[in-house]
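*Asks:* Using only what follows, build the 3D model:
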Amino acid sequence: MNKLVVGNLVHRPLRSSISVLAIALEVILMLVITGIMIGSLADTKSRTTGIGADMIVTPSSSSFVRGVSGAPLSVKVGGILEKLPHVQVAAPVAIQLTTGSAFENIYGIDFASFNALKPFRFVSGGPFQGPYDIIFDDVASRVGKGHKVGDVVQVLNHDFTIRGIVAHGKGSRKFIPLTTMGELTGAEGKASLFYLKTDDEKNEELVKQEVVAQPGMSQYQVQTLAEMLSTVTQQNLPTVFTTGINVVIGIAMIIGFIVIFQSMYTAVLERTRDIGILKSLGATQWTIIHVVLRETALLAIAGVIVGFGLSFVAKWALSVWFPSLLVVLTPLWMVRATTLAFLGALLGAMYPAWKAARKDPIDALAYE
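*Replies:* Numbers count the residues shown, from 1 in each chain. The predicted model follows:
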């Protein structure tokens, strides 16, 4: 029986190859798309942690995607925050979301206070020297043809000179002076949020109480960095992202289902006489179904293996073409992709298998 199953697949190499590639495509879509989403979350957490802050102060209307809410906070609030007994540093940051050549957040920072949270580690160059200087991290500097200190780039529809390149992991990948950000966005003297560094993490709850106790600041949202990062999960992503993932998975399963259905249905029609011979020799309906499903299972196994291999190739290619894009292929999603690929393939083969099992042996033997 094993020889029969393998022989049927080998006898039609083109059809079998197409079926394997269809299942592989299904696996690739699920792994790579979810890998990009999970990688983005992991990258966001890593870069936020690397800022060096212990707490964050935002307006109560601040959205999940930091910076979308604009810059409603007065920079002068920083002076109030710094005077609190357990606050060592209060760094204002204006965040501007750009959707031009890349979807990214540009940070407008007060270099002295932001650097005081955790010092930048310069790979080359140094701090801002003028209002239209910009700092890239080492990942952003590799995008495209690459950038180096002294290059002129356009950001927010204005030319900036790259003054320094720093090690990645400090929130954004591009930094400009806070005053310049305010000038370009029409929000002079404003910030999107404040990062706080406390004297001791044991005093964080006390700092929360002190902040909201200040006149006019009761409406502000004060969180520890751990609390804020706990919301950066797949479940808390905006609905458009999770819906998009579900749509991709659904399309991938439909592709696998249709290709396997067409392949096995055609194979059953072509092997009508073979089925008649098997049934005349005593093969039961379950035996015929078993043969078709075993062929499908072999195709699914081959497709999953090829899909895993091509997914890792795609991950490598994306890291080369898009250095700022992190793709994480997790064991959990590899198991899910395998399960969904097998489920789609077996569902696609069920009707052809049932049709083959229902064939009358006399009619099958007479089939030409």
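*Asks:* The one helix or strand Thr339 maps to: how far from the chain's middle?
*Replies:* Using DSSP states H and E, Thr339 sits within helix 331-357. Using CA atoms, centre = their mean, to the nearest Å, the mean C-alpha position of helix 331-357 is found 26 Å from that of the whole chain.
*Asks:* distance of Ile23 from Phe175?
*Replies:* With distances taken as CB to CB, to the nearest Å, Ile23 is found 45 Å from Phe175. From N, CA and C alone the C-beta is placed, and that goes for glycine too.
*Asks:* just Val222 next, same as before
*Replies:* Remark: distance between Val222 and Phe175 (CB to CB) = 24 Å.
*Asks:* Those two: which is more packed in?
*Replies:* Neighbours per residue, other CB atoms under 10 Å: of Val222 and Phe175, the larger number sits with Phe175, 28 against 21.
*Asks:* Phi first, then psi, for the more buried one.
*Replies:* According to degrees, to the nearest 10, the main-chain angles of Phe175 amount to phi -130, psi 140.
*Asks:* Pairing partners for the closest residue to it other than its chain neighbours in the sheet, please.
*Replies:* The spatial neighbour of Phe175 that comes closest, neighbours along the chain excluded (CB to CB, 6 or more residues apart in numbering), is Ile135 at 4.3 Å. Per DSSP bridges, residues listed as beta-bridge partners of Ile135: Gly164, Phe175.
*Asks:* next one: Thr98
*Replies:* Here Thr98 sits in beta bridges with Glu104, as judged by DSSP bridges.
*Asks:* Give me the distance between it and Ile176.
*Replies:* As defined by CB to CB, Thr98 lies at a distance of 12 Å from Ile176.
*Asks:* shared neighbours of these two, anything?
*Replies:* In the contact map built from CB atoms under 8 Å, 6 or more residues apart in numbering, the residues linked to both Thr98 and Ile176 are 106, 155-156.
*Asks:* Among those, which are located in strands?
*Replies:* Helix and strand membership here follows DSSP state E; of the shared contacts of Thr98 and Ile176, those in strands are 106, 155.
*Asks:* Give me the number of neighbouring residues for the nearest residue to Ala167 once chain neighbours are set aside.
*Replies:* When the adjacent residues along the chain are set aside, Ala167 lies closest to Arg121, with 4.3 Å between them (CB to CB, 6+ apart). Close neighbours of Arg121, defined as other CB under 10 Å, add up to 12.
*Asks:* ok now do Met55, which residues does it touch?
*Replies:* By CB under 8 Å, 6+ apart, the contact set of Met55 is 195-196, 198, 204, 207-208, 222-225.
*Asks:* nope, Asp54 is what I was after
*Replies:* Residues counted as contacts of Asp54 (CB under 8 Å, 6+ apart) are 196-198, 201, 204, 224-225.
*Asks:* ok, so of the residues you listed, who is nearest Leu293?
*Replies:* If you rank the contacts of Asp54 by distance to Leu293 using CB to CB, Leu225 comes first, at 51.9 Å.
*Asks:* Check the contact between the closest one and Thr58; I expect there is one.
*Replies:* No: here Leu225 does not reach Thr58: they are 12.0 Å apart, not a contact under CB atoms under 8 Å.
*Asks:* Please tell me the pLDDT value assigned to the closest residue to Tyr107 other than its chain neighbours.
*Replies:* Leaving aside its chain neighbours, Tyr107 sits nearest to Ser172 (3.8 Å; criterion: CB to CB, 6+ apart). If you check Ser172, the pLDDT there is 88.
*Asks:* mind listing what Ser172 touches?
*Replies:* Residues touching Ser172, when contacts are defined by CB under 8 Å, 6+ apart, comprise 47, 95, 104-107, 137.
*Asks:* hang on, the earlier thing: who wins on neighbours among the contacts of Asp54?
*Replies:* The most neighbours of any of the contacts of Asp54, using other CB under 10 Å, belong to Leu196, which has 27 neighbours.
*Asks:* Quick one: list the elements packing against the host helix or strand of that residue.
*Replies:* Here Leu196 is covered by strand 193-198, with elements defined by DSSP H and E. Using 3 or more CB pairs under 8 Å, 6 or more residues apart in numbering; DSSP states H and E as the contact definition, the elements that strand 193-198 packs against are strand 55-59, helix 77-82, strand 87-99, helix 111-117, helix 204-213.
*Asks:* redo that, cut-off 7 Å
*Replies:* For strand 193-198, the packing partners by 3 or more CB pairs under 7 Å, 6 or more residues apart in numbering; DSSP states H and E come out as strand 55-59, helix 77-82, strand 87-99, helix 204-213.
*Asks:* okay, the longest one in CSV with CA atoms only?
*Replies:* C-alpha atoms of strand 87-99 as CSV (Å, rounded to 0.1, in the frame of the first residue of the first chain):
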residue,chain,number,x,y,z
VAL,A,87,12.0,62.2,39.9
GLN,A,88,15.6,62.5,38.7
VAL,A,89,15.0,63.2,35.0
ALA,A,90,11.9,64.3,33.0
ALA,A,91,12.5,64.1,29.3
PRO,A,92,9.9,65.6,26.9
VAL,A,93,9.5,63.8,23.6
ALA,A,94,7.4,64.9,20.6
ILE,A,95,6.5,61.9,18.4
GLN,A,96,5.5,62.4,14.7
LEU,A,97,4.2,59.4,12.8
THR,A,98,5.3,59.5,9.1
THR,A,99,3.8,57.4,6.3
